[in-house]
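Chemist: got a sequence here, can you build the structure:
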Amino acid sequence: MDDQPSAAPAATTEGRPAAKPGSPPRALERARVRAEQRSRELAAARRALPALPDEELAAAGLSAAQVAERTRSGLTNEVRHDTSRSLGQILRANLFTLFNGVLGACLVVVLLVGDPRDALFGFIVAANTAIGVVQEYRAKRTLDRLAVLNAPRARVLREGQVQEIDVAAVVHDDLLVLRTGDQVPADARILAVAGLEVDEALLTGESDPVDKQAGDPVLSGSSVVAGSGTARVNRVGIESFASRLTAEAKRFSLVNSEIRNAINRIILWITWALVPIILLVVNSQLQARGGWSSALASGAWKEAVVSAVASIVAMIPEGLVLLTSISFGLAAVTLARRKVLVQELPAVEGLARVDIVCLDKTGTLTEGEIVYQQARLLPDHSALPKGWQRSLAWMGADPNANATARCLQEAFDELPPDAASAAVQFSSARKWSAVVFDGGAAPGTWVLGAPEMVLRAGGGPGGTHEEALALAEELAASGLRALVLAHSRVPLDAETARAEQLPAALLPVAVLTFTEKVRADAARTLEYFRSQGVQLRILSGDNPRTVAAVAREVGFDADGFDARRLPEDLDGLGEVLEREHVFGRVTPEQKKSIVQALQARGHVVAMTGDGVNDALALKNADIGIAMGSGAPATKAVSRLVLLDGQFSRMPGVVAEGRRVIANVERVSNLFLTKTSYAVITSLVIGVLFWPYPFLPRQLSLVSSLTIGVPAFFLALMPNKRRYQPGFLRRSLLFSVPAGLIVSACLLAVYTFSRLAPDPSQPGADQVAAGQTATTITVLLVALWVLGALSRPFDRLRALLVGAMASMLALVLFLPYGQDFFALHPPTGALLAVTMGVIVLGCAAVEVLYRSLKKRGAVSERE
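Modeler: Have a look, this model is predicted:
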């Protein structure tokens, strides 16, 4: 039985999952203890298995009984790496927040010592939480169903048959059948190889593919870039290297979200400010009622506590995080209906911030189906080497053939009767493959690949190298993919094959041409990106002239640049990338370097791809986008997957991202304006030892009509405004001055009501009139803020603002509304001052909005 430890490097602290913000150390310790206990259980289960020799396993794989035995013992590859949260996690995340804790405590206090009507904010909090849970759970179900359809599969040998199974169904001792493009699902030991090369860059950072031989370890999460082989699984589940490093790194390697970063910073600031302000307000409210001793003795402390609660509730932007999460979730659901799988929600925002898109040609600009056209034999050959058609048939029928070689099967179906004695599998780095026959119908070494790579050794007899290269260049310039078939009578020995060296005396036999159909919507899609100010770069492994010909079909006016001439340093590479737009003969490592060079120049880079050679660049890009038909390794590291492979889905993804960013910025301005005027008011009242000018229920009315209800609808409305960096700066540039204006207005009215009371009214009515006047002032000025932020008005936004104004009128003029919210309309001088201050406040908000609009800090363009 194979129970040797794999040669996986130990997971470092960099490879461990980062703790979520606020995660207690005890939780991490408990998780570590559970993992260690599970590892001991798995080790004991492995020791209990009967011995199984490699020879027996290699012949037929595991039997059904052996699979069942390992499944019962828990030796499966099942590991929970959910990209979405469980229902329990959703409930905890929405219920047990700092703001909910503070508001929940306030609710209990009001219910114990105050009027139950002042607990209205508690029902609003509960409704917000319920909406958040329901919406996130609905989004989770949609995305999870889509993720199941897109889940990777593993290929194993069981009971003598090669089967494709779920990665989670792989068990200890399974025999993996590895082919080009596969991602290794579990740690294993190689039993047999045929030119197997594995890319471990995503795990170890080493960029060069690793040749694997029998007995070598292969790590889960690595990708097969060439050749094939079989491997015996020796680590599954939480013990595999991918579980300890790759999957967790992917899960916690979050998209850089400007919205999320800004909101987290705002929450941090408010959290630090809450404690001292709460203490200040509580003290001021007790002092305003005769001091601590007097208030406690007379029972006036109850009113003081209710006033303090009103102040606290006003300062908390309880709906901001909720609406941000809902916006991301609903955007992901919308895209899922359009066959776009979002593997991390903030990636929706990320694509809207992209200013350069790097495109793979095959499968992105073209339909991905490569069609063999014809073979042009080189006329200078006095006698063509025997069996050239059969060598092509073998290459097309090879299980590890790439898409180009596979399309030869239909034209060349007569296979050589003899088995190949050696083979070198195709890889994107060297750009050729080879097969050797010792004799029979196709003797010698046959090489198929890029003409300039295969024939780089120089001219052969009769100038056939120069002729072949010239013919290939001519064909490539017309948009055809051109490969050369070359032959050598010198057999490729095992050592040369392992070294991936071309054989001596190599002569070109024929130039093969292949065609790709450009997607009908490719030009229109790229034109959309250009119109939106997004730069484009085409990166392909094909001949630069072939790539340039395709690029011209989709609107590029550029010659192809040969990537073999690219400088290796990032600065020099960045300079070339600013000039050139179309690149051919790009290697996988160069694709990664191109992404890094663009990022070093301040660009936000998206990368599209479908082949395993694109995986490293996709992982390093700000937003990696994989085609649904792509290699499992490619889809595993991407942020977005275009399930139907339609690049034309991209404008819709960008539009969703822009809608999310623009609308969240709008609603954040509303919430932060409220927080600003609430904090300023609390500080002034706290210093002056005045009673707080609102009841909690009155603030609930203000929050509902000017922020909560309209913000919910604004967050979901269409918005095509282009992305502009500086989300937090713009939000603060508007919300802090707007908060100053609102607080100045309400404090002016409140001060007048205290210093110039109406002598015709009793004391209680004077207090009620002052509270009502300040409430009306805040409502109307805040409604003007809402109107400014809702511009440009369309039918929906005008209807929304009009509905809020109508609801306010009903509350103010209907007796039930006046009674419930304790509104006592002001009269006389207080009414006149209130209306005058409201007019000035609205005018000040308008001046602020127009001045920021001129500076570009706010925008009406959509």
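Chemist: hey, let's count contacts and neighbours off CA atoms from now on
Modeler: OK.
Chemist: follow the chain on from the lowest-mean-pLDDT helix or strand in the chain and name the next helix or strand.
Modeler: Sorting the helices and strands of the chain by mean pLDDT, DSSP states H and E puts helix 247-252 at the bottom, at a mean of 38. Next helix or strand after helix 247-252 toward the C-terminus (DSSP states H and E): helix 258-287.
Chemist: which secondary structure elements does that following helix contact?
Modeler: Counting contacts by 3 or more C-alpha pairs under 8 Å, 6 or more residues apart in numbering; DSSP states H and E, helix 258-287 packs against helix 292-298, helix 301-315, helix 650-688, helix 727-755.
Chemist: let's see that with 10 Å instead.
Modeler: With contacts taken as 3 or more C-alpha pairs under 10 Å, 6 or more residues apart in numbering; DSSP states H and E, helix 258-287 sits against helix 98-113, helix 292-298, helix 301-315, helix 320-337, helix 347-353, helix 650-688, helix 727-755.
Chemist: tell me the buried residues in that helix?
Modeler: With burial defined by 16 or more other C-alpha atoms under 10 Å, the residues of helix 258-287 counted as buried are 258-260, 262-263, 267, 270, 274, 277-278, 280-287.
Chemist: residue boundaries of the helices in the stretch 751-862 of the chain?
Modeler: Applying DSSP state H, counting those that start in this stretch to the stretch 751-862 of the chain gives helices spanning 763-789, 795-813, 815-820, 828-855.
Chemist: might one say that residue 153 is in contact with residue 178?
Modeler: No - counting by C-alpha atoms under 10 Å, residue 153 stays clear of residue 178, with 11.6 Å between them.
Chemist: those two: which has the busier surroundings?
Modeler: Each of residue 153 and residue 178 has its neighbours counted (other C-alpha atoms under 10 Å); residue 178 has more, 25 against 19.
Chemist: you'd agree that one is up against residue 233?
Modeler: No - at 11.9 Å, residue 178 and residue 233 do not qualify as touching, with contact defined as C-alpha under 10 Å.
Chemist: so which of the helices and strands packed on helix 258-287 is the most surrounded?
Modeler: Highest mean neighbour count among these (mean count of other C-alpha atoms under 10 Å): helix 347-353, with a mean of 27.
Chemist: distance from the chain centre to it, please.
Modeler: 8 Å (C-alpha atoms, centre = their mean, to the nearest Å).
Chemist: packing partners for it?
Modeler: Helices and strands touching helix 347-353, by 3+ C-alpha pairs under 10 Å, 6+ apart, are helix 258-287, helix 320-337, strand 605-609, strand 623-627, strand 640-642, helix 650-688.
Chemist: try it again at 8 Å.
Modeler: By 3+ C-alpha pairs under 8 Å, 6+ apart, helix 347-353 packs against helix 320-337, strand 623-627, helix 650-688.
Chemist: quick one, the longest one and strand 623-627 angle?
Modeler: For helix 650-688 against strand 623-627, the angle by axes from the mean of the first three to the mean of the last three C-alpha atoms, to 10 degrees is 150 degrees.
Chemist: just the first one next, same as before
Modeler: Interaxial angle, helix 320-337 versus strand 623-627 (the same axes, to 10 degrees): 20 degrees.
Chemist: quick one: distance of helix 320-337 to the chain centre.
Modeler: Put simply, helix 320-337 sits 13 Å off its chain's centre (C-alpha atoms, centre = their mean).
Chemist: redo the helices and strands packed on helix 258-287 as a markdown table? Include mean pLDDT and distance to residue 559.
Modeler: Below are these laid out as a markdown table (pLDDT from 0 to 100; distance: least, C-alpha to C-alpha, whole Å):
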| stretch | mean pLDDT | distance to residue 559 |
| --- | --- | --- |
| helix 98-113 | 82 | 57 |
| helix 292-298 | 81 | 82 |
| helix 301-315 | 81 | 59 |
| helix 320-337 | 80 | 35 |
| helix 347-353 | 78 | 28 |
| helix 650-688 | 88 | 25 |
| helix 727-755 | 91 | 38 |
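Chemist: quick one: closest of those to residue 189.
Modeler: Among the helices and strands packed on helix 258-287, helix 347-353 comes nearest to residue 189, with 36.1 Å by C-alpha to C-alpha.
Chemist: give me the residues contacting that closest one.
Modeler: 255-257, 328, 331-332, 342, 604, 606, 622-623, 639-640, 653-658, 660-661, 723-725 (C-alpha atoms under 8 Å, 6 or more residues apart in numbering).
Chemist: which is the next helix or strand following that helix?
Modeler: Counting by DSSP H and E, what follows helix 347-353 is strand 356-360.
Chemist: CA atoms of that next one as PDB?
Modeler: This file holds the C-alpha atoms of strand 356-360, laid out as PDB (Å, rounded to 0.1, in the frame of the first residue of the first chain):
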ATOM      1  CA  ILE A 356      -6.700  47.200 -20.300                       C
ATOM      2  CA  VAL A 357      -8.100  43.900 -21.500                       C
ATOM      3  CA  CYS A 358      -5.500  41.300 -22.700                       C
ATOM      4  CA  LEU A 359      -7.200  38.900 -25.100                       C
ATOM      5  CA  ASP A 360      -6.200  35.400 -26.200                       C
END
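Chemist: hey, what's the angle from that strand to strand 605-609? Just curious.
Modeler: Using the same axes, to 10 degrees: strand 356-360 against strand 605-609 is 10 degrees.
Chemist: can you say which of the helices and strands packed on helix 347-353 is nearest to residue 60?
Modeler: strand 623-627 (34.1 Å).
Chemist: who does that closest one touch, helix- and strand-wise?
Modeler: Helices and strands touching strand 623-627, by 3+ C-alpha pairs under 8 Å, 6+ apart, are helix 347-353, strand 605-609, helix 615-620, helix 632-637, strand 640-642.
Chemist: closest one to residue 802 among these?
Modeler: Using C-alpha to C-alpha, the nearest of the helices and strands packed on strand 623-627 to residue 802 is helix 347-353, at 30.2 Å.
Chemist: tell me the mean pLDDT over whichever strand or helix holds residue 547?
Modeler: Secondary structure from DSSP H and E places residue 547 in helix 544-553. Average pLDDT, helix 544-553: 87.
Chemist: buried stuff in it?
Modeler: So helix 544-553, judged by 16+ other C-alpha under 10 Å, has buried residues 544-551.
Chemist: repeat for stretch 782-794
Modeler: Residues of stretch 782-794 classed as buried: 782-790 (neighbour count, 16+ other C-alpha under 10 Å).
Chemist: got those residues as TSV, with distance to residue 804 columns?
Modeler: Shown next, in TSV, are the buried residues of stretch 782-794 (distance: C-alpha to C-alpha, whole Å):
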residue	distance to residue 804
782	11
783	8
784	11
785	12
786	10
787	10
788	14
789	14
790	12
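Chemist: and of those residues, the nearest to residue 687?
Modeler: For those, the nearest to residue 687 is residue 782 (24.6 Å; C-alpha to C-alpha).
Chemist: quick one: the helices in the stretch 51-200 of the chain?
Modeler: Along the stretch 51-200 of the chain, counting by DSSP H, counting those that start in this stretch, helices occupy 54-60, 64-72, 87-95, 98-113, 120-149.
Chemist: which elements pack onto the fourth one?
Modeler: In terms of contact count using 3+ C-alpha pairs under 8 Å, 6+ apart, helix 98-113 is assigned the packing partners helix 120-149, helix 301-315.
Chemist: figure out which of the ones you listed is closest to residue 806.
Modeler: Comparing the helices and strands packed on helix 98-113 by C-alpha to C-alpha, helix 120-149 comes nearest, at 20.2 Å.
Chemist: and residue 94, how many neighbours does it have?
Modeler: Residue 94: 19 neighbours (other C-alpha under 10 Å).
Chemist: ok, residue 60 next?
Modeler: For residue 60, using other C-alpha under 10 Å, the count is 15.
Chemist: can you tell me how far the residue lying closest to it once chain neighbours are set aside is from residue 64?
Modeler: In this structure, residue 60 finds its nearest non-sequential neighbour in residue 160, 4.0 Å apart by C-alpha to C-alpha, 6 or more residues apart in numbering. The gap separating residue 160 from residue 64 is 11 Å, by C-alpha to C-alpha, to the nearest Å.
Chemist: more neighbours: which of these two?
Modeler: With neighbours defined as other C-alpha under 10 Å, residue 160 and residue 64 compare such that residue 160 has more, 14 against 10.
Chemist: fine by me, we can end here.
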